[in-house]
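# I need the structure of the sequence given here:
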Amino acid sequence: MNKVAIVTGGAKGIGLGSAQRLLEDGATVVIFDVDEKAIASATAEFASFGDRFSGVKVDISSEAQVKSAITEVGNKHGHIDYLVNSAGVQTYGNAEETTDEIWEKTFGVNVKAMYLTTKYAVPFMRKAKGGSIVNISSVQSLSNQKGVVAYAASKGAVNALTRAIAVDYAAEQIRCNAVLPGCVDTPMLRATAQSFKGDRNEEDLLHEWGLSHPIGRMASIHDIGNLVGFLCSDKSSFVTGASYVIDGGLITQVPVILPE
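Sure, this is the predicted structure:
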């Protein structure tokens, strides 16, 4: 039976890398994204996969839109096997600086949307007698920078949500795991670099951020996509409720460097 995957935020960044990995592994992939131009770009990029790839404009913080889009995919294919929740927003500010609007937006996209997509995808995973849900979290759920109170809290919630879903559906062979990346070369990270570079060169700042990882570079979207592909595949059939750190050693290293 052909595997069917939904990837939220699939038109760019980690979602795009995940969609490509799943397409290369033979799945039919439907991406959900709010950016129509990015969907068109992804559609052109994946034209060689023919009708195994499609994109739909969806605001994943809207229950009505999520229910409609997932139901359409599930009814068309008869089942859903993989759900990759990659859509997210990065917001900045400490507790005093973070407005209620920013807090609600951050949790609406980063947490509520994952609950909504799971809610409506699970019935179609039952029809496939199992499935895999992969939630993109962040190392900032474990160790974070200053000034990211809403973002860090939302990613911590993603990890807890992942464990809860894993326990609830394990007996039905529906698995759920989280992926916790460090710095990944995505449009989101580049927008952050543009905002914080000051008088510096954006590429120099990105290079510096890469060097903060002991492995000596930041991740590519394909590095993350490869892990997502593994967690969707039968090779990880005994893995559920796990949080996979994929950060080139970033949070493992003690940030006090001894002189050589």
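
# What are the phi and psi values at the spatially most central residue of the chain?
By C-alpha atoms, centre = their mean, the chain has its centre lying nearest to Ser86, at 2.3 Å. Backbone torsions of Ser86, given as degrees, to the nearest 10, read phi -110, psi -20.

# Please name the nearest non-neighbouring residue to it.
Gly15 (3.5 Å; C-beta to C-beta, 6 or more residues apart in numbering). Where C-beta positions appear, they are placed from N, C-alpha and C, glycine not excepted.

# give me the number of residues near that neighbour?
By other C-beta atoms under 10 Å, 29 other residues sit near Gly15.

# Hmm, Ala5 and it touching each other?
No: in this structure, Gly15 is not within contact of Ala5 by C-beta atoms under 8 Å, at 11.1 Å.

# Can you check which residues contact both of these two?
Common contacts of Gly15 and Ala5, defined by C-beta atoms under 8 Å, 6 or more residues apart in numbering, comprise Val84.

# For the helix or strand containing Arg175, name the packing helices and strands.
Element membership for Arg175 (DSSP states H and E) is strand 174-181. If you count contacts as 3 or more C-beta pairs under 8 Å, 6 or more residues apart in numbering; DSSP states H and E, strand 174-181 packs onto helix 113-127, strand 131-136, helix 149-169, helix 221-232, strand 243-246.

# quick one: the residue nearest to the centre of the chain and Ile6 touch, right?
No: look at Ser86 against Ile6 with C-beta under 8 Å: they stay out of range, at 10.3 Å.

# Now do the contacts for the closest residue in space to Glu202 that isn't next to it in sequence.
Leaving aside its chain neighbours, Glu202 sits nearest to Ala193 (5.0 Å; criterion: C-beta to C-beta, 6+ apart). Neighbouring residues of Ala193 by C-beta under 8 Å, 6+ apart: 202, 205-206, 209.

# any idea how far Ala193 lies from Gly210?
Distance of Ala193 to Gly210, computed by C-beta to C-beta, to the nearest Å: 11 Å.

# Three-state assignment for Asn2, please.
Secondary structure for Asn2, judged by DSSP: H, G, I helix; E, B strand; the rest coil, is coil.

# Which phi and psi values does the closest residue to it other than its chain neighbours adopt?
With sequence-adjacent residues excluded and distances taken as C-beta to C-beta, 6+ apart, Asn2 is closest to Thr28, at 5.7 Å. Phi and psi for Thr28, reported as degrees, to the nearest 10, are phi -90, psi 130.
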